[in-house]
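> Let's see this in three dimensions:
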Amino acid sequence: MASQLRIYDIRPGDMDEFARKVAEDIFPVRRAHGFTIDGPWQADENQYVWIVHHDGDFEEAVEGYVNDPARKDLAWDPMEYITKVDIRMMEDL
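Numbering: from 1, shown residues only. The predicted model follows:
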């Protein structure tokens, strides 16, 4: 299983709105492409942290997710809330 740690710095004051929108709009599309999700968590005051997992071809699943009309046609842009992105692939020990 491939896992990816995703850490976003969120603009001050926007965490609650961002978290709600991600849960409503992003998570369902990820799950539709076979991803499982751990989190989200809040680290420090403005860090949004979550982990996505996929049992199959992770990159192929990402491509399907990114190109899904439900993701491409969002009424909002996640990057309007995010000031820094840190994404790391993780491996089981």
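
> Can you give me the neighbour number for Asp77?
When neighbours are defined as other CB atoms under 10 Å, Asp77 has 8 of them. All C-beta spots, glycine's among them, are computed from the backbone N, C-alpha and C.

> And it, how close does it get to Asp86?
Distance, Asp77 to Asp86, by CB to CB, to the nearest Å: 19 Å.

> what's the answer for Ser3, then?
As judged by CB to CB, Ser3 and Asp86 stand 15 Å apart.

> The two - which one has more neighbours?
Comparing Ser3 with Asp86 by neighbour count (other CB under 10 Å), the higher total belongs to Ser3, at 16 against 11.

> Show the contacting residues for the more buried one.
Residues near Ser3 by CB atoms under 8 Å, 6 or more residues apart in numbering: Ile51, Val52, His53, Met89, Met90, Glu91, Asp92.

> Would you list the buried entries among those?
Ile51, Val52 (16 or more other CB atoms under 10 Å).

> which one of the contacts of Ser3 sits closest to Phe35?
When the contacts of Ser3 are compared for distance to Phe35 (CB to CB), Val52 comes out closest, at 4.9 Å.

> wait, is the closest one part of a strand?
Yes - Val52: assigned to a strand according to DSSP: H, G, I helix; E, B strand; the rest coil.

> Isn't Ile51 up against Ala2?
No - counting by CB atoms under 8 Å, Ile51 stays clear of Ala2, with 10.9 Å between them.

> so how many other residues sit close to Arg6?
Residues near Arg6, counting by other CB under 10 Å: 16.

> show me what contacts it?
Arg6 sits next to Val49, Trp50, Ile51, Val52, Val85, Asp86, Ile87 when contact means CB under 8 Å, 6+ apart.
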